[in-house]
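# mind folding the following:
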Amino acid sequence: MSCLIDIEDLLVWSYAVERADRTGLQNQGPGWPRDSVLRLECAGLGGLSGTGTGQGCHADAETVHTAVSGLSAEMQRLVIGHARSGTRPEWFPGARPVVAAELNRQGRPRKLYDHNRHVTGHAVRAGVELGDGSIWYDWTMDGIGRARAVYTAWHQALIELAGWLDMSGLLVDYQVSGPAAPDSPWKNLGVDFSNPVDKPVAKSY
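Next comes the predicted model:
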């Protein structure tokens, strides 16, 4: 009986647990926390556990690595790198363009003075405010867009891998599904700054 598993979880198991790209090396890595990214809803197969033998890896992990090897070198690095660490490409949730006050070393708005040393205002710079409230000066939404394009490419690679693994019928213990990861999670926030009607927001200090 095969176990239904999301393609992202299958990749994490293949590279973080089975270390499919390092077949023949002793698996000395830490066990992958089952309550983090591995969201299996099946029974009878013991979940995703590593072989721990140092003599190779599970046949399904080898099949996954064969599929990943069919991607471009750049996409292989992207997919394997995030699978090893159980992460997804950064897409900067809640990012928006702002015009914000520059801060001095004390963390206060930097004042502007005239030739008589009278305060005339505060220095401001364009930047991007992230969802946590931090501001990255000199960043633009174009830079955020490039980062999100990497996420999109990663997500598309997962779709292709899931399709290939499903159609090949080569998996023994697992049946692949997904990806469950959203394709454009930033669009679910209700704000799309690719729309020209969205203007930079002045921060108040």
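# return the per-residue confidence for residue 84.
Listed pLDDT for residue 84 reads 96.
# which stretches in the protein count as strands?
With DSSP state E as the criterion, the chain has strands at 3-6, 96-101, 111-113, 119-122, 124-129, 135-137, 174-177, 201-202.
# redo the ones you listed as CSV? Include mean pLDDT.
Formatted as CSV, the strands of the chain follow (pLDDT from 0 to 100):
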stretch, mean pLDDT
strand 3-6, 96
strand 96-101, 84
strand 111-113, 79
strand 119-122, 77
strand 124-129, 84
strand 135-137, 84
strand 174-177, 96
strand 201-202, 48
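# looking at those strands, which is nearest to residue 61?
The closest of those to residue 61 is strand 174-177. By Cβ to Cβ, the value is 9.7 Å. No exception for glycine: its C-beta is placed from N, CA and C like everyone else's.
# state the pLDDT value of residue 57.
Residue 57 is assigned a predicted lDDT (pLDDT) of 90.
# export the strands of the chain as CSV, with columns for distance to residue 159 and mean neighbour count.
Formatted as CSV, the strands of the chain follow (distance: least, Cβ to Cβ, whole Å; neighbours: other Cβ atoms under 10 Å):
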stretch, distance to residue 159, mean neighbour count
strand 3-6, 12, 20
strand 96-101, 29, 18
strand 111-113, 51, 13
strand 119-122, 48, 11
strand 124-129, 29, 18
strand 135-137, 30, 15
strand 174-177, 11, 20
strand 201-202, 35, 12
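# okay if I get those as JSON lines plus distance to residue 160?
Output for these, formatted as JSON lines (distance: least, Cβ to Cβ, whole Å):
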{"stretch": "strand 3-6", "distance to residue 160": "15"}
{"stretch": "strand 96-101", "distance to residue 160": "32"}
{"stretch": "strand 111-113", "distance to residue 160": "53"}
{"stretch": "strand 119-122", "distance to residue 160": "50"}
{"stretch": "strand 124-129", "distance to residue 160": "31"}
{"stretch": "strand 135-137", "distance to residue 160": "32"}
{"stretch": "strand 174-177", "distance to residue 160": "12"}
{"stretch": "strand 201-202", "distance to residue 160": "38"}
